[in-house]
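**Student:** next one to model:
(one chain, ligands or ions: 1)
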Amino acid sequence: VENVGIIAMELYFPSQYVDQTALETFDGTSSGKYTIGLGQKKMGFCSDREDINSICMTALHRLIERQDINLHDIGRLEVGTETIIDKSKSVKSFLMTLFAKEGATDIEGIDTTNACYGGTAALFNAINWVESSSWDGRKAIVVAGDIAVYGKGPARPTGGAGAVAMLIGPDAPLVFDRCVRASYMTHAYDFYKPDLASEFPFVDGKLSIHCYLSALDNCYNLFCKKMRKIDPDFKGLLSLDGMLFHSPYSKLVQKSLARVCFNDFLNASEEKREVQFPGLSEFKNHKLEDTYFDRDVEKAFMTYSLELFQNKTKPSLNIAQNVGNMYTPSLYGGLVSYLTSKNPQELVGKKIGLFSYGSGLASTMYSINICDDHSKGSKLEKLITTLNTSVILLEKRECVEPTKFSELMDVRTKNYHTAPYKPSGSIDKLFPGTYYLVEIDDQRRRTYDRK
Ligand code: ACO
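**Tutor:** The predicted structure follows:
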């Protein structure tokens, strides 16, 4: 099978958000910390009406409806999430309610978990399946979703929520490069959720940034090495039209692109370095491992990479800045933003690099090629048109005051383990087509409805 990749996509984010400027005032932090320091604008959040099952189902159902998918044509359904509401039962099994109704039950796949990386792992499982001897000709669907919430404190403004659903198969408009995926996986306690009675993670913010950037260095160098094996002319960032990153907050993404340039700089020969990186030679003896928090290196390469950032990376940050860190769907929200921010004519034939990171830690860099055909009625045109209608909903959301946001978060926190339970969050405020929690009974079974 050829040209395996993403055929169609749907993105779901909550209908309510809190403004980051208002949150700065409410939290009593210095003005500009969340907006300039972290690079965030708005943060989406869910009331107790939504949980991981409902948001994944919302994205999945939208994909099925809008792509008019015959459920018997799906042979694999994968879920990536780190939002755990059951230690045994998968979110995938809940999503099967939609398929089982139609008698479509011959569907492989289950949930995958490792912080923000689960969505990428699920996606690779689906791609691998289509490219394998087990493939029976049907398509796969990957759903990645999370509700990202932090306790009160400096990490809270880096929350978010959302879900993405992707249809995977051959002859796709977004094709995955083969044999170049570059992973870096190791053990770290940077961000983890050992307290099963709480929705919040334990997070060592500084260590998590260190881990993220070192994973990026490792993945990027290996990715370039693998790329050069199939294309000796591969020039790193200069050979990529877009460079997308998992986005905990936008500032880290901009720093990451600067970091990629710093890697290219260190890897360049002396003569090339002078030409490509004029005025930066004072950094040539610096080492990757000593510079994760080196202000001079960071500043110099942030300045150097500004135009590259504006072209290759900034177009991927619309959802990340306006919804926040969605965890597993974050990178795919980046892909959606990138595809909807450009004139479609500019997208054809382009190659983009993607960096996926999940604390703990698991990370991969890989690449996607956008197909050449953007004619009317083509798969690419359909993909982008559908995504545009999802992204427009950013402007249809309701802005909620930080006091109200904080109250709604307290309701979630207080009732995280309550059963039986009837949620109090508003149904009126949800977007049409959203699934919501009706109740949790005394056996902790959850029932849902769709608006
Ligand atoms: N105006 C402009 N900038 C400001 C202001 C201001 N008034 N005040 C602070 N800043 C800047 C700081 O200088 C800093 O910039 P820098 O990153 O360039 O150093 C930035 O804003 C953040 O300020 P800090 O004081 O460093 O932030 P703090 O320690 O309060 O927390 C952190 C930031 C660590 C990101 C926290 O929000 C967190 O723990 N988030 C969750 C973990 C996370 O997202 N990690 C990333 C990878 S792992 C993952 O995906 C979960």
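**Student:** in space, what's closest to the residue in the stretch 351-451 of the chain that the ligand sits nearest to - neighbours in sequence excluded?
**Tutor:** Here the residue of the stretch 351-451 of the chain nearest the ligand is residue 359; by C-beta to the nearest ligand atom that distance is 4.9 Å. (C-beta placed from N, C-alpha, C; glycine too.) Computed as C-beta to C-beta, 6 or more residues apart in numbering, the closest residue to residue 359 that is not its neighbour in sequence is residue 191, at 3.5 Å.
**Student:** list the contacts for that neighbour?
**Tutor:** Contact analysis of residue 191 by C-beta atoms under 8 Å, 6 or more residues apart in numbering lists 115, 201, 202, 203, 204, 208, 359, 360.
**Student:** go again with 7 Å.
**Tutor:** 115, 201, 203, 208, 359, 360 (C-beta atoms under 7 Å, 6 or more residues apart in numbering).
**Student:** name the SS class of residue 394, please.
**Tutor:** helix (DSSP: H, G, I helix; E, B strand; the rest coil).
**Student:** quick check: it touching residue 322?
**Tutor:** Yes - Residue 394 lies in contact with residue 322 (C-beta atoms under 7 Å); the separation is 5.4 Å.
**Student:** mind checking which of these two has more residues around it?
**Tutor:** residue 322 (23 against 15; other C-beta atoms under 10 Å).
**Student:** how much space separates the more buried one from residue 352?
**Tutor:** In this view, residue 322 and residue 352 are 21 Å apart by C-beta to C-beta, to the nearest Å.
**Student:** so how far is the ligand from residue 85?
**Tutor:** Shown here: residue 85 relative to the ligand, a distance of 19 Å by C-beta to the nearest ligand atom, to the nearest Å.
**Student:** got the contact list for that residue?
**Tutor:** 51, 52.
**Student:** from here on, call the first residue 40.
**Tutor:** Right, with 40 as the first residue, what we last looked at is residue 124.
**Student:** for the closest residue to the ligand within the stretch 40-189 of the chain, which non-adjacent residue is spatially closest?
**Tutor:** Ranked by C-beta to the nearest ligand atom, the top residue of the stretch 40-189 of the chain for proximity to the ligand is residue 76, at 2.1 Å. Closest residue to residue 76 apart from its sequence neighbours, by C-beta to C-beta, 6+ apart: residue 290 at 6.6 Å.
**Student:** off-centre distance for stretch 164-177?
**Tutor:** Centroid displacement of stretch 164-177 relative to its chain, using C-alpha atoms, centre = their mean, to the nearest Å, is 23 Å.
**Student:** hmm, I was thinking of stretch 110-126
**Tutor:** 16 Å.
**Student:** okay, that stretch in PDB with CA atoms only?
**Tutor:** Provided in PDB are the C-alpha atoms of stretch 110-126 (Å, rounded to 0.1, in the frame of the first residue of the first chain):
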ATOM      1  CA  LEU A 110     -18.700   2.100  10.200                       C
ATOM      2  CA  HIS A 111     -18.200  -1.400   8.600                       C
ATOM      3  CA  ASP A 112     -15.300   0.200   6.700                       C
ATOM      4  CA  ILE A 113     -13.300   0.800   9.900                       C
ATOM      5  CA  GLY A 114     -11.000  -2.100  11.000                       C
ATOM      6  CA  ARG A 115      -9.100  -0.400  13.700                       C
ATOM      7  CA  LEU A 116      -9.900   2.300  16.400                       C
ATOM      8  CA  GLU A 117      -7.100   3.600  18.600                       C
ATOM      9  CA  VAL A 118      -7.300   6.000  21.500                       C
ATOM     10  CA  GLY A 119      -4.400   8.000  22.900                       C
ATOM     11  CA  THR A 120      -5.000   9.700  26.300                       C
ATOM     12  CA  GLU A 121      -3.600  10.300  29.700                       C
ATOM     13  CA  THR A 122      -6.900  11.300  31.300                       C
ATOM     14  CA  ILE A 123      -7.800   8.200  33.200                       C
ATOM     15  CA  ILE A 124     -11.200   7.600  34.700                       C
ATOM     16  CA  ASP A 125     -10.900   3.800  34.900                       C
ATOM     17  CA  LYS A 126      -8.000   1.600  35.700                       C
END
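**Student:** do you know how far whatever residue of the stretch 190-339 of the chain ends up closest to the ligand is from residue 287?
**Tutor:** Residue nearest to the ligand within the stretch 190-339 of the chain: residue 244 (2.5 Å; C-beta to the nearest ligand atom). Residue 244 is 10 Å from residue 287, where distance means C-beta to C-beta.
**Student:** compare those two (neighbour count), which wins?
**Tutor:** For residue 244 versus residue 287, the count of surrounding residues by other C-beta under 10 Å is larger for residue 287: 27 against 14.
**Student:** which SS state does the more buried one fall under?
**Tutor:** Residue 287 ends up coil, using three-state DSSP.
**Student:** what does it show for phi and psi?
**Tutor:** phi -70, psi -40 (degrees, to the nearest 10).
**Student:** read off the pLDDT value for it.
**Tutor:** Listed pLDDT for residue 287 reads 98.
**Student:** what's next to stretch 432-446, contact-wise?
**Tutor:** Residues contacting stretch 432-446 (C-beta under 7 Å, 6+ apart): 54, 55, 56, 57, 58, 61, 62, 65, 84, 361, 468, 470.
**Student:** give the burial count for residue 481, as a bare number.
**Tutor:** 8.
**Student:** so how far is residue 448 from the residue lying closest to it once chain neighbours are set aside?
**Tutor:** Distances taken as C-beta to C-beta, 6+ apart put residue 459 closest to residue 481, at 4.7 Å, once the chain neighbours are dropped. Residue 459 is 22 Å from residue 448, where distance means C-beta to C-beta.
**Student:** more neighbours: which of these two?
**Tutor:** Between residue 459 and residue 448, residue 448 has the larger neighbour count (other C-beta under 10 Å), namely 22 against 11.
**Student:** any idea which helix or strand carries that one?
**Tutor:** helix 441-453 (DSSP states H and E).
**Student:** ok, now residue 253?
**Tutor:** Judged by DSSP H and E, residue 253 forms part of helix 244-269.
**Student:** show me which positions of that helix end up buried.
**Tutor:** Within helix 244-269, the residues scored as buried using 16 or more other C-beta atoms under 10 Å are 247-263, 265-266.
**Student:** so residue 148 sits against residue 116, correct?
**Tutor:** Yes - the pair residue 148 / residue 116 is scored as a contact, 4.8 Å apart, by C-beta under 7 Å.
**Student:** show me the helices in the stretch 90-239 of the chain, by range?
**Tutor:** 91-106, 130-139, 157-169 (DSSP state H, counting those that start in this stretch).
**Student:** beta partners for the residue nearest to residue 398?
**Tutor:** Under DSSP bridges, the beta-bridge partners of residue 230 are residue 242.
**Student:** distance from the helix or strand bottoming out on mean pLDDT in the chain to the middle of the chain?
**Tutor:** Of all helical and strand segments in the chain, the minimum by mean pLDDT, DSSP states H and E falls on helix 383-386, at a mean of 90. Average the C-alpha atoms of helix 383-386, do the same for its chain, and the two points are 22 Å apart (C-alpha atoms, centre = their mean).
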